[in-house]
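S.K.: after the sequence you'll find the predicted model.
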Amino acid sequence: MAKDREPSPEPLDPVLADQLAAAAVIEPVDAGRRRELRARLEQELGSLEEVRASAGPGRVRSRAPSFAAGVLLAAAAAAALWTFAGSSTSASVPSGQLSGADERVSMNIGTRGVAVAEPSARMSWASDPHRVRVDQERGQVFYRVESGAPFEVHTPHGRVEVQGASFEVDVVMNKLHRSKHIAIGASIAAATVVTVYEGEALLASEGGTEVVGPGERAAIEEGGAGPGRARSRVDEPRQRDATGSSARPAAAGADELAEMRRQVRALEAELAAAKATDSPEADVFDQDAFTRSFFDPTPEQAREAAKNCNISYAVPQLGSGSSFVPDAEAERLGLSDRERDDLERGLSELSAARKRALRELYVELTGDDTEVEQLSEPALLAEIRDKATPEETTAARQRVSQVRAGLALASDPAEASPMERLYQSEVATAKATLKLLQDIVGEEAIAVLGDSNLRLMMNMEDGCESEPTSAESQ
Amino acid sequence: MTLAEIYNDQLAWVLQTLRRLGVDESDLDDAAHDIFVVLHRKLPGFDVRRPLRPWLFGIAFRVVRDRLRSGRVRRLQPVPAAPVEASFEERLTARSQLERVRQALATLDDERRATFVMHELDGFTVPEIADVLELPLNTLYSHLRRARAQLRALLVHEQESEHGEG
C-alpha cells in the first residue's frame, strides 16, 4: 500500500496475525487461584485496599466493571481538559493542526470543544459559529464537546458527528494490536473505532449510519477488496469486556478475506525484496543496510527498490521537540559541544530548506500563500499529496526510484510533476543528512543512525500500482 | 486507584503477560506475587493520569528478567487455553496453536519479545514502549522488525512447509 508510515507501523502480516490470535486472548483466572494469590499478598503486605496511587484524580468506577479501563482513560483525559480549560491559555482556537506530537496534547477546538490527543495523533480542524470540522488522519483522540452546532470528526473511513458528547476516536491503520478494540487477535485492514462516554454520536460511512450511545463502542471498518474501490461499513455497537475490548462477529466477510489475501501477497513480495535488499545472507537482518536504504541506498538496494517503486527516506523534522540533537543523544554519540552545535545547525538548515521547498510546492499547487507560514511540514506534505491523483503519485514514485537506481534520468524540473519534485527533494535531503552526519560523526554515521533519537522523520512508500485515495474510498 | 483494584482488574492480564514473557506455568503465581509486591512499593508514586498497563508491563518485564537471570523461574512450558464451551476439537486446535505461539515467542531475546508483545498483542505505542523499556525508538523499531521476521519464519513458514509436505 502506498501510505506514509513510520518504520514499524507496517501492517502485520495477516497470516502471522492469524497465528498470533490465540495469544491475544486473556485467559480468565479461576476464583480459587485469585483468592489464594490475594491471601498470600495480604499476608505479606497487609490490606491491598490501603495502598493507593497518590497523584491525579481517582478512577471513575462504572456500573459495569468491564468498563473500567475505558473510563480510566476518560477520567484521565477529562482531568487534562479541565486543567487546560481553566488556564489562561484556554482561548478558543478556530483552526489548527497537530502532527505526531511526542506527548499527550490537550487543545481547545472552536469555542465548544476540547480534545486530548495521544502521542502520534495527526489531525487538523477548522470552525465557524455554525460548524466544527476536525480531520483526524490517525491516532487516538478524546473529545469533549458542549451542546450546540454540529461537531464533525472526519477520518479516512467515515464521519463521526455529535452535538454534545464525550467520546474517543481511534483511527487504526491495519494493526493486530487493535484487537483490544475489535477482534480477538484478528487483523483488520483499517478502521475508525469510536467510543462514546456521554451523549450520542452518529457514525456515517458509505455503508450506512449508526447512532452510538454512552458506554458503547463501534467501528467503521474499511473492507476494501483490492486496489479498486474500498468499501466501508458500520458495525453494530458492541459492549466492552474486561479489557475495554469488544466482541467482533466471528465470520470474516469475503471482502475482508480478499483484502487479507491481497496483503499477504504484498507482504510476501515486500519480504522477498527486503531480504534481497537488507543482506546478502537472506535471513539475517542487517540494521545498517536497512538504515542506509533511507538515506543513501547502495546501487543494489536502489535497484531492488525500483522494482517495487519504493521510495524510502529520512529527513530532519523537529516536530514538537526543541532540538534536533537532544542532550541524551549528544551524550550517547560522544559529541563535543562544538560538534553538537555543528550537527544542530546543519540539521536545522536542512530542515529549513526542506520546509521552504514544501511551501513553494504548496503555493504553486494551491495558489494560496496566506497561511503557508503556519502550516507544519506534515500538513504541507498532506496538502501536496492531496492535490495529486494516485496515478501521478505512483508515476512519480516509479520515476524517482528509477532515477535513484541510475535506471532513468531525472526529469526536467520544468516538466516534472509536483509529486516527482517532492520525492526528488526529499531523497536529496535524506542524502544530505547522511553526508552531514558522516562529516561530523565519521564513517560510524550509519551505525549511529540505526539507534538514534535524532529528530528525523522516516517515510517509506511503495507499490507500482495506483490505489484510491482515502477521499475516494469514502 | 488502590492496589486491590489493580489486583482485581489486572490479575488475568498480569498472568497472561508473564506467560507471553516466557515464564513457565508452574512459576506464574510466584512471579505474579513479586510483581504485586513491587507495585505495593511503587504505586503511591504512580500518576493515575498515565496509562496503567505500560507501567505495569515495565514492572513485569523487570521482575521476569531478574527471575530468569537468577534461575528462580523456568522458561516456558506451554499450557493449553481454550474456552470451556469450546468443543474438544476446537480446544485441541487452540492448544496446538497457543503452544506454537508461546514457543515461538520464547525463541526471541528478552527485549525483542517484550517489544513485540507490548506492541502487537497489547497494543502499546512505540513511544509508550520506549518509555517503559527505556530504549531508543529506532532500537524498538528494529526489535519489532526482527521479531516479526523471526516469528513469521517460525509460525508461518513452518506451517506452510507442513501443509506442503502433507
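M.R.: Everything's here; your move.
S.K.: just the element for residue A:202, please.
M.R.: Taking DSSP states H and E as the definition, residue A:202 sits inside strand A:201-205.
S.K.: actually residue A:141, not the one I wrote
M.R.: Under the criterion of DSSP H and E, residue A:141 resides in strand A:131-145.
S.K.: next, the buried residues of that strand.
M.R.: Neighbour-count burial for strand A:131-145 flags A:132-145 (criterion: 16 or more other C-beta atoms under 10 Å in any protein chain shown). In this view, the C-beta of every residue, glycine as well, is placed from N, C-alpha and C.
S.K.: low-scoring stretches of chain B, by residue?
M.R.: Within chain B, the ranges that satisfy pLDDT under 70 run B:70-97, B:157-166.
S.K.: what's near enough to touch the most centrally placed residue in it?
M.R.: The centroid of chain B falls nearest to residue B:20 when counting by C-alpha atoms, centre = their mean (2.9 Å). The contact partners of residue B:20, by C-beta atoms under 8 Å, 6 or more residues apart in numbering or on different chains, come to A:23, B:102, B:105, B:113, B:117, B:121.
S.K.: over to residue B:63?
M.R.: Contacts for residue B:63 (C-beta under 8 Å, 6+ apart) come out as B:31, B:34, B:35, B:38.
S.K.: now list the buried members of those residues.
M.R.: Applying 16+ other C-beta under 10 Å to the contacts of residue B:63, the neighbour count classes B:31, B:34, B:35 as buried.
S.K.: which of the residues you listed fall in helices?
M.R.: B:31, B:34, B:35 (DSSP state H).
S.K.: all helices for chain B, in order.
M.R.: According to DSSP H, chain B carries its helices in the segments B:3-20, B:28-42, B:52-70, B:88-106, B:110-116, B:126-133, B:137-151, B:158-165.
S.K.: okay, the ones you listed in TSV with distance to residue A:124 next?
M.R.: Formatted as TSV, the helices of chain B follow (distance: least, C-beta to C-beta, whole Å):
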stretch	distance to residue A:124
helix B:3-20	35
helix B:28-42	39
helix B:52-70	28
helix B:88-106	39
helix B:110-116	31
helix B:126-133	21
helix B:137-151	24
helix B:158-165	44
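S.K.: to residue A:382, which of those helices lies closest?
M.R.: Closest to residue A:382 of the helices of chain B, according to C-beta to C-beta: helix B:126-133, at 21.2 Å.
S.K.: any regions of the stretch 251-400 of chain A where pLDDT drops low?
M.R.: In the stretch 251-400 of chain A, residues with pLDDT under 70: A:251-287, A:319-321.
S.K.: could you pull out the strands for it?
M.R.: In the stretch 251-400 of chain A, the strands defined using DSSP state E, counting those that start in this stretch lie at A:311-316.
S.K.: need the helices for it, in chain order.
M.R.: Counting by DSSP state H, counting those that start in this stretch, the stretch 251-400 of chain A has helices at residues A:254-278, A:287-295, A:299-307, A:327-333, A:337-366, A:377-386, A:390-404.
S.K.: for residue A:399, give me its contacts.
M.R.: Contacts of residue A:399 were listed using C-beta under 8 Å, 6+ apart, and they are A:408, A:411, A:420.
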